[in-house]
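Trainee: no sequence for this one, just the structure:
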């Protein structure tokens with residue numbers, strides 16, 4: 001049930017068993033204050049976080065724009081183009097799907113977010129060797145989780161791994177709670193857009209609260225010591241099987257009791273109807289007598 005792969009997950013298992021994971025950090029976007037060229041900025045983000053920030057949707061763009069509104073800096077993003085005139089792509093391989101350019105005619109091939117601009121449009125092409133601050137991104141938890149099958153003592157969970165997270169070794173903390181909680185550790189095997197796991201040894205007909213959070217282990221940018229970077233978890237409620245048979249049996253017994261409770265009045269009605277039917281079938285002696293006399 002605990003498929004640990006590699007020294008990293010074995011080390012994490014020891015931390016969890018000793019209760020020493022208080023130092024883990026939940027993070028989305030991190031500002032790096034040291035100016036550096038785009039390539040160096042990406043290497044720094046990959047070493048200490050996951051990569052330069054990928055803002056695949058306009059919602060993510062506006063979230064970052066709002067978070068950096070008070071800053072007067074230029075932040076490198078994980079967005080570039082191979083040549084002038086070619087399409088802009090995120091480091092995850094996705095194409096830029098919206099237009100929030102302050103100016104897209106500049107000859108630069110690496111994109112920055114110009115936090116100091118007052119307009120909503122803050123993307124700007126820049127020369128990649130210019131020194132600017134950077135916006136790094138931490139791990140990303142699954143956006144949604146599918147429960148494909150539920151048994152009496154097990155359940156199967158699956159989710160799509162974003163193209164951003166497919167690029168880096170990472171794992172998932174899966175916390176299962178009823179009256180108590182248990183945290184399971186799963187590593188991403190790599191090379192797949194789908195993560196699929198089985199959780200077993202559960203109690204039948206029981207509702208569980210499940211939380212899944214992506215994490216990576218990185219050296220701290222200040223101390224160099226390894227730390228756990230973890231995203232906010234995705235949560236769901238799941239109920240195991242094994243209780244439907246009891247419900248069916250209970251419904252059957254209730255129907256039998258209902259029929260049994262109707263038996264006495266039905267027996268009385270039967271005798272009443274039988275008596276009436278017998279009376280109707282008896283010959284009418286008065287009519288027979290009249291017919292005999294007239295003859």
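Mentor: Everything's here; your move. Since the structure is predicted, the reported quantities are computational estimates derived from the model, not experimental observations.
Trainee: what about the stretch 1-150 of the chain, any weak spots by pLDDT?
Mentor: Regions of the stretch 1-150 of the chain meeting the criterion pLDDT under 70 cover residues 1-27.
Trainee: where do the strands sit along it?
Mentor: Ranges of strands in the stretch 1-150 of the chain, per DSSP state E, counting those that start in this stretch, are 25-26, 29-36, 51-52, 74-80, 89-90, 110-114, 123-126, 132-137, 146-150.
Trainee: So which of these is nearest residue 213?
Mentor: For those, the distance to residue 213 is smallest for strand 25-26, at 8.1 Å, taking Cβ to Cβ. The C-beta positions use only the backbone N, C-alpha and C, and glycine is treated the same way.
Trainee: most residues in a single strand of the chain, which one?
Mentor: In the chain, assigned by DSSP state E, the strand with the most residues is strand 207-219.
Trainee: Which other helices and strands does that one contact?
Mentor: When contacts are defined as 3 or more Cβ pairs under 8 Å, 6 or more residues apart in numbering; DSSP states H and E, strand 207-219 sits against helix 6-18, helix 38-48, strand 155-160, strand 171-177, strand 226-230, strand 234-239.
Trainee: just to revisit the earlier point, CSV for the strands of the stretch 1-150 of the chain, including mean neighbour count?
Mentor: As requested, the strands of the stretch 1-150 of the chain are exported to CSV (neighbours: other Cβ atoms under 10 Å):
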stretch, mean neighbour count
strand 25-26, 15
strand 29-36, 16
strand 51-52, 24
strand 74-80, 24
strand 89-90, 18
strand 110-114, 25
strand 123-126, 20
strand 132-137, 24
strand 146-150, 12
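Trainee: Dump these into JSON lines; add distance to residue 101 as well.
Mentor: As requested, the strands of the stretch 1-150 of the chain are exported to JSON lines (distance: least, Cβ to Cβ, whole Å):
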{"stretch": "strand 25-26", "distance to residue 101": "32"}
{"stretch": "strand 29-36", "distance to residue 101": "20"}
{"stretch": "strand 51-52", "distance to residue 101": "18"}
{"stretch": "strand 74-80", "distance to residue 101": "11"}
{"stretch": "strand 89-90", "distance to residue 101": "15"}
{"stretch": "strand 110-114", "distance to residue 101": "9"}
{"stretch": "strand 123-126", "distance to residue 101": "5"}
{"stretch": "strand 132-137", "distance to residue 101": "17"}
{"stretch": "strand 146-150", "distance to residue 101": "37"}
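Trainee: which residues touch residue 170?
Mentor: Going by Cβ atoms under 8 Å, 6 or more residues apart in numbering, residue 170 touches 50, 139, 187-188, 214-216.
Trainee: Bridged to the residue lying closest to it once chain neighbours are set aside, which residues?
Mentor: Nearest non-adjacent residue to residue 170, counting by Cβ to Cβ, 6 or more residues apart in numbering: residue 216, 4.8 Å away. Residues in a beta bridge with residue 216, per DSSP bridges, are residue 229.
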